[in-house]
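K.L.:
predicted model, plus sequence, below.
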Amino acid sequence: MSGVRKSERGESRLEAQHVAYKLRKMIVKELLTDFGTKNNTMPEWLIEEERKRVLDLVQGISAHLRAANTIWPDYMVEFTERRLQMDKALECCNMLQDELQAIVEMVPADKNRYTQIVLEIEKEFNLIKRLRQSDNRFLKNLKDRAAPDCAANFGNVNNNGNANNNSASNANGVRRDFTDASRG
């Protein structure tokens with residue numbers, strides 16, 4: 001190993017992803033026990049709806065984090081997309097916390113069972129916020145122009161839809177394709 005004690009190591013950039021998986025495991029455990037309901041006092045359809053909703057939200061956290069972590073921004077568009085994915089993960093955290101609060105109020109369950117889950121959600125939320133903040137390091141190295149795979153850049157078209165000076169056509173607007181030209 002590195003010889004650095006665990007207590008002295010910095011936080012991993014993937015810590016948020018690890019906590020998301022841990023949170024998902026905790027939620028699935030609760031879903032398997034029907035949210036801790038006693039003697040099936042809740043209608044089965046309500047339990048199924050809440051299961052689906054909670055599972056979708058907890059899956060959304062890790063999915064959006066994974067999507068954000070696959071983007072290594074060189075352009076502002078990529079930075080914005082990465083930030084948007086992290087925002088969606090934060091949104092899932094908040095919605096999950098609200099959904100669990102509603103379940104605790106509707107279902108006759110022990111509220112202490114959910115305390116650890118809520119603490120993990122808050123930890124996850126704070127990790128994602130710190131990750132977003134640390135992403136500001138990308139800003140100084142971002143290129144101002146559009147990403148090279150952008151369709152407008154490929155056609156050398158400006159924001160108004162007009163061809164730039166050194167493009168295939170000097171006419172205003174986007175060039176018609178050959179099938180349109182043959183019609184009229």
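P.N.:
Okay, I see it.
K.L.:
got the domain boundaries for this protein?
P.N.:
Using automatic domain parsing, the domain parsing of the chain gives 13-141, 150-184.
K.L.:
what is the neighbour count of N136?
P.N.:
10 (other C-beta atoms under 10 Å). All C-beta spots, glycine's among them, are computed from the backbone N, C-alpha and C.
K.L.:
hang on, the earlier thing: which one of the domains of the chain lies nearest to G3?
P.N.:
Ranking those by proximity to G3 (C-beta to C-beta) places domain 13-141 first, at 20.7 Å.
K.L.:
coming back round to it: can you redo the domains of the chain as CSV with mean pLDDT?
P.N.:
Output for those, formatted as CSV (pLDDT from 0 to 100):
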stretch, mean pLDDT
domain 13-141, 87
domain 150-184, 53
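K.L.:
redo those as CSV? Include distance to G3.
P.N.:
CSV is the format used below for those (distance: least, C-beta to C-beta, whole Å):
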stretch, distance to G3
domain 13-141, 21
domain 150-184, 46
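K.L.:
just name the most buried of the ones you listed.
P.N.:
Comparing the domains of the chain by mean neighbour count (mean count of other C-beta atoms under 10 Å), domain 13-141 ranks first with a mean of 16.
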